[in-house]
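> missing the sequence, but the structure's below:
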């Protein structure tokens, strides 16, 4: 079992409020990502779950047991830190053994020399040795066991830190941006390894990241946090396709979603720039914001109906994709559109282009950033 | 092939200075230690190892080595341990730490000479603060605590405190008593040295990443002692090495307290090396024997440095 429930969690440091009435239920065996821009309180939340930080108010339940008063060391969770926090004076083997030694040996058995006189210690030592061996084989770090953390590369250290968390078979793994210190290629590789590890261990993972790509690729559910509030909790696809607010829509997706100011008239028809959407909304006579993701815009050199005219100000070539930054003038200033490199190679900076949007892909938000639904009959 | 001589100009001045003010005097002292030269004499004779033989056979010099060893072996462990404890206590304080830091560091900043005079007054056998404090406490709570009457096996009529009170306030003569003087000087040495060690340890403590403590907590290190063993002590290894080396060298060099408080006495019980060098070489003009003591002193310090460099350093760095 590894369910974690957070109820009405508040946390403030002095006058600064970091977490604001946060509720979250994490299911057993889930890979839940806490994602948000830096400073949104996601790491603080993780540390509250771990017990390293005390919430100002609210309750934390692990396996339906209230752990508000339980110390971090007794919550049976394991944590992987951003800086790995390996003990630099111990070999990787001793690093992996440490959580087992501290828990399995009694304090008398840990006594130097004299501790060896206890009859049970030998069995326990053997068990610890076997567990470390097994874990290191899973993580492919067997040949690194006798080195010290200072002699390892970033990726190897990351594995060692993961190993130290894994040996103990905890209720849940807490990971605080564990991949952010790795180089780009290794980070992508470790993403798939972590997902695989999760599939094999079937333990609850709570993973904190500011990198939405990690959240989208690995998690079964992702929790988007902004300014200490949990804005949306859903599967990655749902969060991407169906964001509940403008803030979520803007945070998830790269490049950022395009926002265009528009308005609705008395019968709910939506107008923006010189265009009109076919679908209608129930909200009338008000200013709204229309969000369109870059991949839902098409770019061409030829004028067509319902197209927006603009000038290319910047081209981002990612190899598989080409992103165009297009100045359209007026309040909206800039749109980003995706094009296939083969079809758009002739479009250069400064050229005049026409942008059309794919039908049915726009998202509507009101002035406060809340999502507005289209009326369903259209 | 043309060789540039620029390197000579780069290192030359430093090497030259080092020879003039460091290596040459040491060699000179080494040379003099094999003669019978006294300052002011017009000539000298080579007498071989006679000075060294004297050092290791005459009672005065045996006492010198004994006093120095006692001082070093007491002051180093106590000032290091107390320095570490003070640093950890201050580190855990939320406020007021700066005041304590200043108080503990005061003995280091102040002139030891002035401090020694203050100690002389405090420890005066009859008028001193310490003994009048003890005398006023006869029969009271002070006698109970300091006389160890609270220990079950101490008979309150036979404790040292009680006996002193009975005998017309016969409390120790601290600096004037052969049996007490070296320990009193050691106490002042610890008092004076631990503040410096504390500051070094405070710097060492702040450089330990907080995440290591969190990792230890997650790994199940519940008690402060376990966290200390797992994180604090090993991470302070390099600091400890430095602190021990510095304190040892400084303890070998103790001079001003001795000069002000005891002049090496009573009956040479506080006759430490530095004071012996001063007395022989400056006061009695026995340059050769002073040089011999200096050479032994330098050998001690060099041995210590080598020990630190090659034996311990391999164990504390990671």
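The structure has been received and is ready for your questions. Everything quoted here is computed from the prediction, not taken from an experiment.
> list the buried ones in stretch A:305-315?
If you call a residue buried by 16 or more other Cβ atoms under 10 Å in any protein chain shown, then stretch A:305-315 has these buried ones: A:307, A:308, A:310, A:312, A:315. Heads up, the C-betas are built off the backbone N, CA and C, glycines and all.
> run through the bridge partners of the nearest residue to residue A:221 once chain neighbours are set aside.
With Cβ to Cβ, 6 or more residues apart in numbering or on different chains as the criterion, residue A:221 has its nearest non-adjacent residue at 5.3 Å, and that residue is residue A:32. On the basis of DSSP bridges, residue A:32 is bridged to residue A:206, residue A:221.
> could I get the pLDDT score of residue A:32?
Residue A:32 is assigned 92 on the pLDDT scale.
> how near is it to chain B?
Applying Cβ to the nearest Cβ, to the nearest Å, the value for residue A:32 to chain B is 19 Å.
> which parts of chain A sit against chain B?
Contact residues, chain A versus chain B (Cβ under 8 Å from any Cβ of the partner chain): A:47, A:50-52, A:71-74, A:77-79, A:81-83, A:85-90, A:98-99, A:102-103, A:148-150, A:164.
> who in chain B is up against chain A?
Checking chain B against chain A by Cβ under 8 Å from any Cβ, the hits are B:209, B:211-212, B:214-215, B:217-222, B:226, B:230-231, B:234-235, B:237, B:318.
> for ChimeraX, write a command that selects the buried ones of these.
Remark: buried members of the residues of chain B next to chain A, expressed as a ChimeraX selection using 16+ other Cβ under 10 Å:
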select /B:211,212,214,215,217,218,219,220,221,222,226,230,231,234,235,237,318
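> which of the residues of chain B next to chain A fall in strands?
Judged by DSSP state E, strands contain none of those.
> would you map out the domains in chain A?
A:4-246, A:256-372 (automatic domain parsing).
> right, so the ones you listed: which one is the most enclosed?
Highest mean neighbour count of those: domain A:4-246, a mean of 18 (counted as mean count of other Cβ atoms under 10 Å in any protein chain shown).
> let's have the buried residues of stretch A:305-315 in a markdown table, adding pLDDT and secondary structure.
Below are the buried residues of stretch A:305-315 laid out as a markdown table (pLDDT from 0 to 100; DSSP: H, G, I helix; E, B strand; the rest coil):
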| residue | pLDDT | secondary structure |
| --- | --- | --- |
| A:307 | 82 | coil |
| A:308 | 83 | strand |
| A:310 | 86 | strand |
| A:312 | 88 | strand |
| A:315 | 87 | strand |
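> and those, which is closest to chain B?
If you rank the buried residues of stretch A:305-315 by distance to chain B using Cβ to the nearest Cβ, residue A:315 comes first, at 42.0 Å.
> thought that closest one was touching residue A:326?
No. In this structure, residue A:315 is not within contact of residue A:326 by Cβ atoms under 8 Å, at 10.2 Å.
> got any residues that touch both of the two?
Common neighbours of residue A:315 and residue A:326, using Cβ atoms under 8 Å, 6 or more residues apart in numbering or on different chains, do not exist here.
> show me where pLDDT drops low in chain A?
A:330-332, A:376-378 (pLDDT under 70).
> which helix is the longest one in it?
The helix that spans the most residues within chain A, counting by DSSP state H, is helix A:119-138.
> just checking, what packs against the next helix or strand after that helix?
Counting by DSSP states H and E, the next helix or strand C-terminal to helix A:119-138 is helix A:154-166. Helix A:154-166 is packed against strand A:77-80, helix A:92-104, helix A:119-138, helix A:184-201, with contacts defined by 3 or more Cβ pairs under 8 Å, 6 or more residues apart in numbering or on different chains; DSSP states H and E.
> who's in contact with the helix or strand containing residue B:246?
Element membership of residue B:246, judged by DSSP H and E, is helix B:237-252. Residues from elsewhere that reach helix B:237-252, judged by Cβ under 8 Å, 6+ apart: A:89, B:68, B:71-72, B:75-76, B:79-80, B:83-84, B:189, B:193, B:196-197, B:200-201, B:203-204, B:273-274, B:297, B:300-301, B:304-305, B:308, B:312-313, B:315-318.
> chain center to whichever helix or strand comes after that helix, what's the gap?
Next helix or strand after helix B:237-252 toward the C-terminus (DSSP H and E): helix B:256-261. A distance of 13 Å separates the centroid of the chain from that of helix B:256-261, by Cα atoms, centre = their mean, to the nearest Å.
> distance from the helix or strand just after helix B:256-261 to the middle of the chain?
For helix B:256-261, the following helix or strand on the C-terminal side (DSSP H and E) is helix B:273-278. Offset of helix B:273-278 from its chain centre (Cα atoms, centre = their mean): 15 Å.
> pull out the buried positions in helix B:273-278.
Neighbour-count burial for helix B:273-278, counted by 16+ other Cβ under 10 Å, picks out B:273, B:274, B:275, B:276, B:277, B:278.
> what sits up against stretch B:191-209?
Stretch B:191-209 is contacted by residues A:83, A:85, B:75, B:78-80, B:82-84, B:86-88, B:90-91, B:101, B:104-108, B:112, B:115, B:231-232, B:235-236, B:238-240, B:242-243, B:246-247, B:250-251, B:257 when judged by Cβ under 8 Å, 6+ apart.
> go through it and flag the buried ones.
Residues B:191-202, B:204-205, B:208 are the ones in stretch B:191-209 that count as buried (16+ other Cβ under 10 Å).
> so which of the residues you listed belong to strands?
Using DSSP E, none of these sit in strands.
> among those, which one lies nearest to residue A:278?
residue B:208 (63.5 Å; Cβ to Cβ).
> tell me, what's the model's pLDDT at residue B:137?
Residue B:137 carries a pLDDT value of 69.
> sorry, back to before: go ahead and build a PyMOL selection from the buried members of the contacts of stretch B:191-209.
Remark: buried members of the contacts of stretch B:191-209, expressed as a PyMOL selection using 16+ other Cβ under 10 Å:
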select buried, (chain A and resi 83+85) or (chain B and resi 75+78+79+80+82+83+84+86+87+88+90+101+104+105+107+108+112+115+231+232+235+236+239+240+243+246+247+250+251+257)
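> looking at the buried residues of stretch B:191-209, which are in helices?
In helices, defined here by DSSP H, the members of those are B:191-202, B:204-205.
> what is the nearest of the residues you listed to residue A:61?
residue B:205 (35.9 Å).
> quick one: the strands in the stretch 251-378 of chain A?
Taking DSSP state E, counting those that start in this stretch, the strands of the stretch 251-378 of chain A run over residues A:258-264, A:269-272, A:275-280, A:286-292, A:297-300, A:308-317, A:322-329, A:333-339, A:352-357, A:363-365, A:371-372.
> ok and the third one relative to strand A:258-264, angle-wise?
With axes from the mean of the first three to the mean of the last three Cα atoms, to 10 degrees as the criterion, the two stretches strand A:275-280 and strand A:258-264 enclose an angle of 70 degrees.
> other residues contacting strand A:275-280?
For strand A:275-280, the external contacting residues (Cβ under 8 Å, 6+ apart) are A:267-271, A:290, A:306, A:308, A:359-360, A:362, A:374-375, A:378.
> got the residues you listed as TSV, with distance to residue A:229 columns?
Conversion of the contacts of strand A:275-280 to TSV gives the following (distance: Cβ to Cβ, whole Å):
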residue	distance to residue A:229
A:267	35
A:268	30
A:269	33
A:270	28
A:271	32
A:290	24
A:306	37
A:308	34
A:359	33
A:360	30
A:362	25
A:374	26
A:375	29
A:378	32
